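J.: the following comprises the amino acid sequence and a computationally predicted model.
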Amino acid sequence: MTSHSLLHTSLPSRINRTVWCCNKNSSYTSSRVEMEKADSFVVDDQELLDKKISSIRNAGPAKLQVIADFDATLTRYWINGRRGQSSHGLLQQGNPEFDVKRHKLHEYYHPLEFSPTISIEEKTKLMEEWWEKSHGLLIEGGLIYSAIKESVSNATIAFREGVVELFEYLEERDVPVLIFSAGLADIIEEVLKQKLHRSFKNVRIVSNRMVFDNDGHLVSFKGKTIHVLNKNEHALDMAAPIHDQSGGIDGPTDDTASVEQRTNVLLLGDHIGDLGMSDGLNYENRIAVGFLNDNIEKSISGYQKSFDIVYLNDASMLGVVDLVSQLCSSGGD
Ligand SMILES: [Mg+2]
């Protein structure tokens with residue numbers, strides 16, 4: 001097998017999809033036409049993946065949980081030729097002066113986030129600084145709840161095809177989905193509401209959550225700031241049912257204890273750092289699925305080593321739906 005062995009017949013079975021195969025000599029661009037027709041993926045170690053799939057299937061859905069990053073994992077990276085917006089990036093706080101200030105912070109800190117010369121300790125401090133400053137600006141600039149609704153309805157943001165099917169399939173089997181994000185919980189909830197037009201009783205969000213006063217003004221943020229580099233420290237303590245604020249009738253379907261007993265994890269992310277989302281868990285088996293949306297040639301080898309399956313080229317979620325249906329099928333096939 002070459003180092004770029006992709007393939008496979010064992011994954012997408014229900015949905016008939018072409019799989020892109022490449023080797024060291026084939027270039028990504030020459031396969032572009034093919035790739036646009038297919039959700040291409042790379043599996044570095046098929047044997048290991050097969051083992052994990054069968055262990056998880058044997059333990060059954062009662063032992064399984066899904067932990068997913070939000071931005072560019074559940075949502076698409078490209079939308080009609082434009083970069084999809086993130087839950088932080090889409091927010092227009094109804095005060096142009098403060099929108100500009102937050103944009104300037106982005107221009108300053110974003111390159112530092114990806115700088116190869118800054119140590120992780122220093123970077124962590126910088127990310128904390130960035131998140132706290134921009135949260136401070138949201139409060140100072142007088143964000144009101146209705147601005148969130150409006151921002152989401154004007155935003156360039158969309159879920160990957162298959163996300164609804166994935167959530168529905170898991171809901172029917174009482175498999176919890178934890179959306180773990182350094183973005184903003186209130187915005188993620190609004191995106192779910194506006195784009196999916198329904199809620200899921202198995203979906204919870206762990207992210208930065210806003211506190212509004214009775215007049216709908218943002219006054220503070222709950223708990224410790226979750227930024228890109230400390231997602232792993234937060235695990236389940238901030239998990240809240242999605243209906244918390246919308247007055248839904250469903251309570252949490254799983255308390256933290258039972259989530260901890262779900263020792264098989266399917267993790268979905270678009271950054272290597274997303275792998276840290278399962279750090280707080282004592283899992284037995286973990287299948288990590290990565291979405292490599294951009295800079296494929298540069299990043300593929302790192303992603304391939306870190307994730308069990310890597311989807312390329314802003315793929316749909318349909319392959320993950322297939323995978324989950326394998327994980328939840330009761331043996332024999
Ligand atoms: Mg992401």
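T.: That came through, no problem. Not measured: the values here are computed from a predicted model.
J.: residues from this structure in reach of the ion?
T.: Proximity of the chain to the ion (CB under 5 Å from the ion) is limited to residues D69, D71, A72, T73, D270. Bear in mind the C-beta positions are built from the backbone N, C-alpha and C, glycine included.
J.: can you do 6 Å?
T.: D69, D71, A72, T73, D270, H271 (CB under 6 Å from the ion).
J.: mind pulling up the pLDDT for the residue nearest to the fourth one when sequence neighbours are not counted?
T.: The shortest distance from T73 to any residue other than its chain neighbours is 4.6 Å, reached at D270 (CB to CB, 6 or more residues apart in numbering). The score at D270 is 94. That number is its pLDDT.
J.: which ones are touching D270?
T.: If a contact means CB atoms under 8 Å, 6 or more residues apart in numbering, then D270 has D69, D71, A72, T73, Y77, G290, F291, L292, N293 as its contacts.
J.: make it 10 Å
T.: Going by CB atoms under 10 Å, 6 or more residues apart in numbering, D270 touches 69-75, 77, 289-294, 303, 307, 311, 314.
J.: among the residues of the chain next to the ion, name the buried ones.
T.: Listed as buried from the residues of the chain next to the ion are D69, D71, A72, T73, D270, H271; burial here means 16 or more other CB atoms under 10 Å.
J.: about what we covered before: would you check which pair of the residues of the chain next to the ion lies furthest apart?
T.: D71 and H271 (9.5 Å; CB to CB).
J.: identify the contacts common to the two.
T.: V228.
J.: any idea how this structure splits into domains?
T.: 29-79+158-327, 82-154 (automatic domain parsing).
J.: hey, least reliable of these by pLDDT?
T.: Minimum mean pLDDT among these: domain 29-79+158-327, a mean of 86.
J.: now the residue in the stretch 101-250 of the chain that the ion sits nearest to, what's its secondary structure?
T.: Proximity of the stretch 101-250 of the chain to the ion (CB to the ion) peaks at S181, 7.5 Å away. Three-state assignment for S181 (DSSP: H, G, I helix; E, B strand; the rest coil): strand.
J.: my read is that I118 contacts L126, right?
T.: Yes: between I118 and L126 there is a contact under CB atoms under 10 Å: 7.2 Å.
J.: so these two - more neighbours on which side?
T.: More crowded of I118 and L126, by other CB atoms under 10 Å: L126, with 18 against 15.
J.: hang on, I56 in a helix?
T.: Yes: assessed by three-state DSSP, I56 belongs to a helix.
J.: OK, contacts around it?
T.: Contact partners of I56, counting by CB under 10 Å, 6+ apart, are 63-64, 263-266, 284-287, 323-324, 326-328.
J.: between those, which sits nearest the ion?
T.: Nearest member of the contacts of I56 to the ion, counting by CB to the ion, is L266, at 16.2 Å.
J.: count of neighbours near the nearest residue to I120 once chain neighbours are set aside?
T.: Taking CB to CB, 6+ apart as the measure, I120 lies nearest to L229, with 7.2 Å between them; neighbours along the chain are not counted. Using other CB under 10 Å, L229 has 20 neighbouring residues.
J.: what does G216 give?
T.: For G216, using other CB under 10 Å, the count is 12.
J.: quick check: it touching D186?
T.: No: using CB under 10 Å, G216 is not in contact with D186; the gap is 11.5 Å.
J.: buried ones among the contacts of I56?
T.: 63-64, 263-266, 285-287, 323-324, 326-328.
J.: okay, those in TSV with secondary structure next?
T.: Formatted as TSV, those follow (three-state DSSP):
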residue	secondary structure
K63	helix
L64	strand
T263	coil
N264	strand
V265	strand
L266	strand
N285	strand
R286	strand
I287	strand
L323	helix
V324	helix
Q326	helix
L327	helix
C328	coil
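J.: ok, now which ones touch R262?
T.: Applying CB under 10 Å, 6+ apart to R262 gives the contacts 59, 61-66, 175-176, 254, 281, 283-284.
J.: cool, and S153?
T.: Contacts of S153 by CB under 10 Å, 6+ apart are L90, E190, V191, Q194, K195.
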